[in-house]
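Novice: Take a look and give me a structure for this.
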Amino acid sequence: MKNLSYILNIILFVAVAILYYFHFSSNKTEVANDVVGIDSVSTKSSLKIAYVVSDTLLSNYDYFKIKSKELEAEKKKMEDDMGRRAKGLEREVVDFQRTAGSLTINQAKALEENLYKKRENLMKRQEGLAQTLMQKEAAINNKLYENVTNFLEEYGKDNNLEVVLSHQRGSGLLYAHKGLDITQVVIEGLNKAYQESLKINTDSTESK
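Specialist: Numbers count the residues shown, from 1 in each chain. Okay, the predicted model is just below:
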């Protein structure tokens, strides 16, 4: 799941042009409490911005934590299954090599072809499992994108925000005032929405 942090950085819009805007538009910046729960920066154009620390968000978002554990568990299950199958095939190869001298040419050829097919099938199975895992990870990423963007869209409208940046080491945002940090608010809002969705799903299942 290490690329999910990268996915989230794509989700949260980072506009380098804004940094230039702040540099050239005005030397006078005012910090005000125009939005409930956060501070916002006001420039001559009244641009309202905030930022989210993406690593902190990911490590505290219940949806991401649960889905990450589920994906890791499934990955381990797949790896264990492939390990058992690979060891089984290895034993068959060893047995073939040990008994090959006592077999006829046709018998040895048939067993060799059978082992080759099993090896090919094992490789195909490994590729299929890897593809399945990638698809499930992509589905989690897509849902993460949907959850975060939908929440930020509504939160931005309610709090007159125009830009939400992603802040972490290595990102384009080198400094931001702590008053602009809405990470905790976003985490709480996302977790509340996620818990409510779980309750709705549970109630729906019980009513059937």
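
Novice: which element follows the host helix or strand of Lys136 toward the C-terminus?
Specialist: The secondary structure element spanning Lys136 is helix 105-158 (assigned by DSSP states H and E). Next along the chain after helix 105-158, taking DSSP H and E as the criterion, comes strand 163-167.

Novice: buried stuff in that following strand?
Specialist: Neighbour counts using 16 or more other C-beta atoms under 10 Å place Val163, Val164, Leu165, Ser166, His167 of strand 163-167 among the buried residues. The C-beta positions use only the backbone N, C-alpha and C, and glycine is treated the same way.

Novice: Closest one of those residues to Glu74?
Specialist: Of all the buried residues of strand 163-167, Ser166 has the smallest distance to Glu74: 28.1 Å, by C-beta to C-beta.

Novice: in the sheet, who's paired with the closest one?
Specialist: Ser166 has these beta-bridge partners by DSSP bridges: Val52.

Novice: Does it touch Ala50 like I think?
Specialist: No: counting by C-beta atoms under 8 Å, Ser166 stays clear of Ala50, with 10.9 Å between them.

Novice: distance of Gly128 from Ile140?
Specialist: To Ile140, Gly128 is 19 Å away according to C-beta to C-beta, to the nearest Å.

Novice: So which of those two has more stuff around it?
Specialist: Regarding Gly128 and Ile140, a neighbour count based on other C-beta atoms under 10 Å identifies Ile140 as having more, with 20 against 11.

Novice: sorry, back to before: now the helix holding Lys136: mean pLDDT?
Specialist: Mean per-residue pLDDT for helix 105-158: 94.

Novice: Measure how it sits relative to strand 163-167, angle-wise.
Specialist: Orientation note: helix 105-158 sits at an angle of 130 degrees relative to strand 163-167 (axes from the mean of the first three to the mean of the last three C-alpha atoms, to 10 degrees).

Novice: Look at Leu47 and tell me its secondary structure.
Specialist: Under DSSP: H, G, I helix; E, B strand; the rest coil, Leu47 falls in the coil class.

Novice: so what's the nearest residue to it once chain neighbours are set aside up against?
Specialist: Among residues not flanking Leu47 along the chain, Glu162 sits closest, at 5.7 Å (C-beta to C-beta, 6 or more residues apart in numbering). Taking C-beta atoms under 8 Å, 6 or more residues apart in numbering as the criterion, Glu162 is in contact with Leu47, Lys48, Ile49, Gly156.

Novice: how about those in TSV, adding neighbour count and distance to Val148?
Specialist: Written out in TSV, the entries for those read as follows (neighbours: other C-beta atoms under 10 Å; distance: C-beta to C-beta, whole Å):
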residue	neighbour count	distance to Val148
Leu47	16	21
Lys48	21	19
Ile49	19	17
Gly156	17	12
